[in-house]
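> The following comprises the amino acid sequence and a computationally predicted model.
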Amino acid sequence: MRSGILGLAGIALLGFGGNWAGHRVARAGLFHGSAIGTKSSSGDAAPPPQPSSAPLRQDQVATALKRLRALAAASPNLAMDFDAAAQVDSLIAGLSAAELAALYAGIDPSFYNYNLRILSQKIGLAWVAKDPDAALAAAFSKSTGKWQGRYLALTIYGQWSQNEPAAALAWLNAAELPPSLAGLKEDFRSAALTNLAGRDFELATAELLKMQSRATGDGPSAQGVLSQWGYMYADDPPMRDQLIEFAKSTGRPEDYADLNSSLLHSWSQEDSLGMLTYLQDLRGYLESDAVPAASRPAVDATAVSAAISREYTGPALEWWMERYGQSPDTPEPMREAISRWVQKYPDAARQWFDQQPESPQRDALNAAAIPAFLSQGKFSEAAHSIAGIRDPALRQPAVERLEILWKIQDPAAAAAWQATLPNDAGGEK
Amino acid sequence: MTRKTKLAIAAATLGLSSWLGYSSERHVTEAAGSAPRTLRSVVRKMLEPESRSAAIERLNRLRHAAGRAAPTPREAAESWEIIRGFTVEDIQAYLAELPPNSERGANLALINMLFHRWGQLDPAAAAKEAMQPAYKENRNLLHTVMVAWADRDLDGAMRWAAADNSDEAKRAVSNVAGRLLVIQDPKTALARAAAECPAAVRGVLSALAREMSGTAESRREFVELAAGKVDPQEWLRGLRQFASICSERDPGGAIGVVAELEGMGLPADQVAAFRDDALHNSRLRSPEAALDQMLLPESNIPPDKQLSAYRNWAASEPDAALSWAQRNGKPDFVGETVKQRALDLLHTGWQPGINDEMPWIAGFLKHFDSWKQQQPDAAAAWLQTMPSDVRGRLNTTPTDVPR
């Protein structure tokens, strides 16, 4: 009898444990198949749309405009009034590009009239699929404020690219954009790609490779889009793996560096198994020769920065100091990470600096920490940290910065501190 | 039972439970996600009519195609084509299919439509459900129910909101009922709202402000309809919104409306409130026109306010602001902007070389270069007050300063 009860309890325990483990394994993405929607179903050659030469039916336009205005005027809120929105779609469905152009010109997309704005977007969406050059140029020039035209053009292109990604991207690649839109080409591509990765991975990644790197200029970059994908798919193991594989294969180390950063930032706390597995792979990758030597400090710094923000601070800093302890250089992501860490945990940061043996990298990180101490109003802590900086070239600006800000806040305390400084340690300029 | 049999049972239990856990987790998390399977959900699915199963399958196909992304406009329209034929039972069945507390765009879009449809069929029940803990964080839901309700039965929607009297109900009914009351009759809208649903007064004022900001005549009508007819705080709020809308319509001309309001005999504090908000919004929409107006002697804007407006503009559009300062002979604006921004940057922990491309910092660097060209002695003297790393950064290659 007793052994029977024990046996049943054991079975129940096994059942519970197995179920628990099954959940964790699935969440970590082990044994999953390939991601859905990865094949290019819509990326086949799709010629850019050409405006048709259908005649302009003035009476149709006048009737449609009247009915559309009436719908917008009567609806409490066209964005949530789905029946009215469906009627709008139905009214504009059969119109030609020329007729849609006339309608578009007849609606003022003012920000103070929400329904007219929605109406204008719907007409613009129908028109852009038939004549993108004209529709986007019209949207861009239809503006009462500096940013409104840009917003309107990006909105209707973004919506078109969601409906017909292949056609919208084919147009973007083939078109000699009208002069007013030329500066928006990469904004359009970025808008098209954000929602495309999960639907058509091949097309999305092929287009991403056409985008510039953030290192080469301002504006939308491939890394910006990859980061967005990282945030969207951090909890989707098949897509996450595909993205990682892709980002490592592009030949641009910053692609994976930025994807990795966004993945680590948004990884679910509940998936510790997946996170640990990933971090082990990450360490192996960083310590391999996969990243060119010249790019390694920046890539490593981006990874360590993300690990610090997820509070794996101790192991991440230890690894960093092992690799770069004797280097006087600290890449920008690392300086930013130290700054954020000091702002969040000033006491823990100060303790860590105190425990570090002297090294060029400790000095460099310490110098990066001073502005963060000061931004928190922690002048005494900053003075203590400055005393630990051995390199005069790094110590001097830190002393000057402390002097300026402490004098504003508490001149007497600043003067007392200055009096303690050795003659070669800065102070009065 | 032999040892072998026991081991086989244990292995089978472990394998089956692991597979169930694994499969259940994937069901919940894959694509757009789904509600966890329960005995109740399995029974419900077995008993549901075929037409409902087919509709649910079509909707699931649409939202799983979107996955983590928002639905495309085409998918959204297709989803509504399905949902607009739903009964209350269909709606409840599909809501049970969706993952709880999901923030994925595809699910949120469908939940909005489901509540809207529910609002068309049984608005009181839909409103009650939208205010339950499972949904109340999503304020759009009560709003979309109100849109459906007020569109078909404005009086009923206002009665419900007045009786419920919760903040959620007031928020949801205000703009919807306000707009519909104005559509029905702008002249009686305020009185009706005050009598039947006081929460809609604010929405009526907002709708009137939007409809009546276009001409001097309609603006006069707005003031005659609303000034002194509602609670003074509500009126002041409505007047401020009116100012924003006027300046959005015509950023350069909004300040001219001030004279109209004075002519209508509005008290000085109300005119001042209108002017402040009109100027503020004009600065956001068209900072150049706003600053041009502020420099006019008759505007009576003190220099510190002019400088503050300039600094705000310089933070978002440094090139345009610098061109304006040079055209209008305002190097002192440029210098003061540099001094203030440098201190702000030091206080916020800026380190030269980090995020220099961000507009806030890039604008500061451009302003310094411009100041150095226009007032080299003053700029050089000020630079000596900065830490050596900042001095080093500001002494490097000038940024692209507009001339």
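Sure thing, it's come through. Numbering: from 1, shown residues only, chains lettered A, B, ... in the order given.

> Grab the longest helix from chain A for me.
The single longest helix within chain A, with elements called by DSSP state H, is helix A:2-28.

> just chain B next, same as before
Assigned via DSSP H, chain B shows its longest helix as helix B:3-29.

> Okay, angle between the longest helix of chain A and helix B:3-29 too, please.
With axes from the mean of the first three to the mean of the last three CA atoms, to 10 degrees applied, the angle from helix A:2-28 to helix B:3-29 works out at 30 degrees.

> What's the mean pLDDT across the longest helix of chain B?
Helix B:3-29 shows a mean pLDDT of 79.

> Summarise which helices and strands the helix or strand just after it is packed against.
Downstream of helix B:3-29, the first helix or strand assigned by DSSP states H and E is helix B:39-47. Other helices and strands packing on helix B:39-47, by 3 or more CB pairs under 8 Å, 6 or more residues apart in numbering or on different chains; DSSP states H and E, are helix B:88-97. (Each C-beta comes from the backbone N, C-alpha and C, glycine too.)

> now A:Glu381: how far from A:Glu403?
15 Å (CB to CB, to the nearest Å).

> Show the model's pLDDT score for A:Trp220.
No, residue A:220 isn't Trp; it's Pro. 91.

> number of nearby residues for it?
21 (other CB atoms under 10 Å in any protein chain shown).

> ditto for B:Asp304
Neighbour tally, B:Asp304, other CB under 10 Å: 9.

> Show me what counts as buried in the helix or strand harbouring it.
Per DSSP H and E: B:Asp304 is located in helix B:303-316. By neighbour count on 16 or more other CB atoms under 10 Å in any protein chain shown, the buried set for helix B:303-316 is B:Gln306, B:Leu307, B:Ala309, B:Tyr310, B:Arg311, B:Asn312, B:Trp313, B:Ala314, B:Ala315.

> quick one: the fifth one and B:Thr337 touch, right?
What that stands for is B:Arg311. Yes - counting by CB atoms under 8 Å, B:Arg311 touches B:Thr337, with 5.1 Å between them.

> Could you find the closest non-adjacent residue to B:Leu181?
Nearest non-adjacent residue to B:Leu181, counting by CB to CB, 6 or more residues apart in numbering or on different chains: B:Ala189, 3.9 Å away.

> Give the next helix or strand downstream of the helix or strand containing that neighbour.
Using DSSP H and E, B:Ala189 falls within helix B:186-196. Later in the chain than helix B:186-196, the nearest helix or strand by DSSP H and E is helix B:201-211.

> Look up the pLDDT of the residue in chain A positioned nearest to chain B for me, please.
Closest approach between chain A and chain B, counting by CB to the nearest CB: A:Gly22, at 2.5 Å. Reading off the confidence values, A:Gly22 has pLDDT 73.

> Spit out the contact partners of it.
Neighbouring residues of A:Gly22 by CB atoms under 8 Å, 6 or more residues apart in numbering or on different chains: B:Ser17, B:Ser18, B:Trp19, B:Leu20, B:Gly21, B:Tyr22, B:Ser23, B:Ser24, B:Glu25.

> Could you single out the nearest of the residues you listed to B:Arg40?
B:Ser24 (14.7 Å; CB to CB).

> buried ones in the longest helix of chain B?
B:10, B:13-14, B:17-18, B:20-22, B:24-26, B:28-29.

> how close does B:Ala82 sit to B:Leu62?
Wrong residue type there; residue B:82 is Ile, not Ala. 8 Å.

> I should have written B:Glu217 there, sorry.
Going from B:Glu217 to B:Leu62 by CB to CB gives 49 Å.

> what comes up buried for stretch A:278-290?
Buried residues in stretch A:278-290 (16+ other CB under 10 Å): A:Tyr278, A:Leu279, A:Leu282, A:Tyr285, A:Leu286.

> Now tabulate these in a markdown table and tack on pLDDT and secondary structure.
Formatted as a markdown table, those follow (pLDDT from 0 to 100; DSSP: H, G, I helix; E, B strand; the rest coil):
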| residue | pLDDT | secondary structure |
| --- | --- | --- |
| A:Tyr278 | 91 | helix |
| A:Leu279 | 89 | helix |
| A:Leu282 | 92 | helix |
| A:Tyr285 | 93 | helix |
| A:Leu286 | 93 | helix |
